[in-house]
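Visitor: kindly generate the corresponding structure for this input.
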Amino acid sequence: MSSTYKKNENNFGRQVAEKENRKLKYLRKKKESAWSGFGMFGMVGWSVAVPVLLGTALGIWLDKSYPQSFSWTLTCLLSGLLIGCIIAWNWINNE
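Guide: Here you go, the predicted structure:
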């Protein structure tokens, strides 16, 4: 039972150290202005919009070149949306 206790204690200590490091990093970080928030908003928007537009253009070209029973445009649009959301999520996660 003492090994379980020590294991939990070490885990707790690591969690506290991680939270403390995050707080210290935040305190050292320069205060960001509202413009940087707008800039982040714009980057996220473009990160989603560009793949959606490229996917739509690719889908229109595929519909004209290789007609199928399903819509290439809709398929590529949704694929672009998924890719854009993943890019935006990674972008926000890294900030």
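Visitor: which stretches in the chain count as helices?
Guide: With DSSP state H as the criterion, the chain has helices at 2-28, 34-65, 72-94.
Visitor: pick out the shakiest of those helices, pLDDT-wise.
Guide: Mean pLDDT values for the helices of the chain show the minimum at helix 2-28, a mean of 75.
Visitor: make CSV from the helices of the chain and add mean neighbour count to it.
Guide: To be clear about C-beta, it is placed using only N, CA and C from the backbone, and glycine gets the same treatment. Formatted as CSV, those follow (neighbours: other Cβ atoms under 10 Å):
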stretch, mean neighbour count
helix 2-28, 9
helix 34-65, 14
helix 72-94, 16
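Visitor: pretty sure Ser71 is touching Lys64, no?
Guide: No - judged on Cβ atoms under 8 Å, Ser71 makes no contact with Lys64 at a distance of 11.9 Å.
Visitor: Leu27 and Gln15: what is the separation?
Guide: From Leu27 across to Gln15, the span is 19 Å (Cβ to Cβ, to the nearest Å).
Visitor: can you tell me which residues contact the closest residue to Thr75 other than its chain neighbours?
Guide: Here the nearest residue to Thr75 in space, its sequence neighbours aside, is Gly59; by Cβ to Cβ, 6 or more residues apart in numbering that works out to 6.3 Å. Counting by Cβ atoms under 8 Å, 6 or more residues apart in numbering, Gly59 touches Ser71, Trp72, Thr73, Leu74, Thr75, Cys76, Leu77.
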